[in-house]
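Asker: The following block contains a protein sequence and its predicted model.
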Protein chains: 2
Amino acid sequence: MENLDTAFRALADPTRRAILARLALGEATVMELVKPFELTQPAISQHLKVLENAGLITRRVEGTKRPCRLAKEGVAEIDHWLSMLRKVLAKNYDRLDEILADVKPAEKETKKGRRKK
Amino acid sequence: MENLDTAFRALADPTRRAILARLALGEATVMELVKPFELTQPAISQHLKVLENAGLITRRVEGTKRPCRLAKEGVAEIDHWLSMLRKVLAKNYDRLDEILADVKPAEKETKKGRRKK
DNA sequence: ATAATATATCAGTATATCCTTATATAAGGA
DNA sequence: TCCTTATATAAGGATATACTGATATATTAT
């Protein structure tokens, strides 16, 4: 699942998350996305490339502008993977906790008392 | 939000996602986690450190073993951030689409016809 | 004590990432 | 046509990552 690699790596950068957050408000051109940051235009363009490759945004051509917007599918894919963990944590975890709660008191004496020095 | 950086970066590696998937089935020790991979034990230990720092797993001490398990909170945090995008994409996007559908036909003539050469 | 097992840490290396400046390309307007 | 604006790409440097093999540490068994 190399696509998830790309997607999660894309989300690992605060600038890129901020860009996505901005795009959540609606389309924006590259220069509009540059403004709020103390970064150069090439830097933002490179971030946008990363986001596009990750399937998290799409771009239209409008004259010399390239308005960007969020891509449904990309977010959905990530979401899908996370839902696996989410389910486990929501449903099974409590039961697992009980199991462990049972195990812990019975835990083999760990001899911490006679540690050297 | 430096924590989200760490969390998403942790998820960007397929080995680490596989480890999490394994832990979704229940606790496992380091050596148990090493087995399924063609990686050395130090490699897995390093991945576990990354996952722990990201708040995605926790570890108990049990004799010489360090059983690992998923950490609810970490997943929740990521989930929380993603829900922002999810909401936008689920609720507002269609409306945005309509707006853009309106704009597009009115889009300024882009003169693609007279491109050089 | 000594050895064995489970795990962590260190040193080194290859590759990737994030930024910058400089430059290329493409469209729109004078 | 020439100039400007919007964006992309290239080159280079600093830092981070993902491994490996070697070694350190802690716990348990003998």
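Answerer: Yep, that arrived.

Asker: in chain A, which spans are helices?
Answerer: In chain A, the helices defined using DSSP state H lie at A:2-11, A:14-23, A:30-34, A:41-53, A:72-87, A:93-106.

Asker: could you check whether the second one is close to DNA strand C?
Answerer: Just to be clear, that refers to helix A:14-23. Yes. On the criterion Cβ under 7 Å from any atom of the strand, helix A:14-23 is in touch with DNA strand C at A:Thr15. Quick note: C-beta positions are derived from backbone N, CA and C, even for glycine.

Asker: Now do that helix against helix A:41-53: the angle between them, please.
Answerer: Between helix A:14-23 and helix A:41-53, the angle comes out at 70 degrees (axes from the mean of the first three to the mean of the last three Cα atoms, to 10 degrees).

Asker: Contacts for helix A:14-23 next, please.
Answerer: Residues from elsewhere that reach helix A:14-23 (Cβ atoms under 8 Å, 6 or more residues apart in numbering or on different chains): A:10-11, A:28, A:33, A:36-37, A:39, A:43-44, A:47-48, A:50-51, A:56-57, A:68-70, B:1-2, B:4-5, B:81, B:84-85.

Asker: Quick one, which of the residues you listed are buried?
Answerer: Among those, the ones that count as buried by 16 or more other Cβ atoms under 10 Å in any protein chain shown are A:10-11, A:28, A:33, A:44, A:47-48, A:50-51, A:56-57, A:68-70, B:4, B:81, B:85.

Asker: Near DNA strand D, list only the ones from the residues you listed.
Answerer: A:Leu48.

Asker: so what pLDDT did A:Arg95 get?
Answerer: pLDDT, A:Arg95: 50.

Asker: Same check on A:Glu38?
Answerer: Looking at A:Glu38, its pLDDT is 95.

Asker: burial count for it?
Answerer: By other Cβ atoms under 10 Å in any protein chain shown, the residues close to A:Glu38 number 7.

Asker: and what of A:Ser83?
Answerer: By the criterion of other Cβ under 10 Å, A:Ser83 has 12 neighbours.

Asker: got it, and A:Val61?
Answerer: Neighbourhood size, A:Val61 [other Cβ under 10 Å]: 10.
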